[in-house]
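K.L.:
Sequence below, structure please.
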Amino acid sequence: MASRITELVLDCTDPERLATFWGEVLGYEVLGRGDDWAEIGPPDKRSTLLFLRNPDRKLQKLRLHIDVTATDREQDAELERLLALGATPVDISQGEVSWHVLADPEGNEFCLLSGRADP
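P.N.:
Coordinates of the predicted model:
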C-alpha cells in the first residue's frame with residue numbers, strides 16, 4: 001500500500017482571500033472555514049487545499065510550488081483569466097520558457113504550463 005496526498009496546507013495571512021483566489025483558479029468549492037482557516041477542494045474531496053492563518057509574511061521564493069494547466073482554453077487566454085483574478089507575473093530569471101511564473105495575492109509563486117489538461 002502507498003500513501004497519497006490528501007491535503008496541501010498553505011500558511012497565509014488571509015485564508016479567506018487565498019481560498020477564494022485558488023477556488024476560482026481551480027474551480028474548487030469551499031468545503032469548510034473557520035476564523036483561522038479555509039479549505040477548498042473538488043466535489044469528490046479527494047485532495048484539498050487548506051489555508052491556515054499565520055502572521056509570518058513570505059520572505060523568499062517557495063521551495064515547493066503549484067503548477068496549473070488550463071483545461072478548456074489556450075494558455076494565453078488562461079493567463080489573462082488568472083491575471084484578472086489577481087495573479088501577478090513574477091520574474092525569477094527563468095529565461096525563455098514555455099510556461100508563465102505567477103504569484104497569488106500573497107506572493108506565492110505558481111506556474112501556468114502550456115497545453116491542456118483533462119478536466
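K.L.:
I'd like to know how far residue 107 sits from residue 3.
P.N.:
30 Å (C-beta to C-beta, to the nearest Å). C-betas here are computed from N, CA, C, even on glycine.
K.L.:
With neighbour numbers in mind, choose between the two.
P.N.:
When neighbours are counted by other C-beta atoms under 10 Å, residue 107 and residue 3 differ, and residue 107 comes out ahead with 14 against 5.
K.L.:
check contacts around that one.
P.N.:
Neighbour list for residue 107: residue 58 [criterion: C-beta atoms under 8 Å, 6 or more residues apart in numbering].
K.L.:
what about it, is that helix, strand or coil?
P.N.:
coil (DSSP: H, G, I helix; E, B strand; the rest coil).
K.L.:
what residue of the protein is the furthest out?
P.N.:
Distance from the C-alpha centroid of the chain peaks at residue 1, with 28.8 Å (C-alpha atoms, centre = their mean).
K.L.:
and residue 41, how many neighbours?
P.N.:
20.
K.L.:
give me every residue that touches the residue nearest to it when sequence neighbours are not counted.
P.N.:
Nearest non-adjacent residue to residue 41, counting by C-beta to C-beta, 6 or more residues apart in numbering: residue 48, 3.5 Å away. Going by C-beta under 8 Å, 6+ apart, residue 48 touches 6-8, 28, 31, 39-41.
K.L.:
Please repeat the previous calculation with a cut-off of 6 Å.
P.N.:
By C-beta atoms under 6 Å, 6 or more residues apart in numbering, the contact set of residue 48 is 7, 39, 41.
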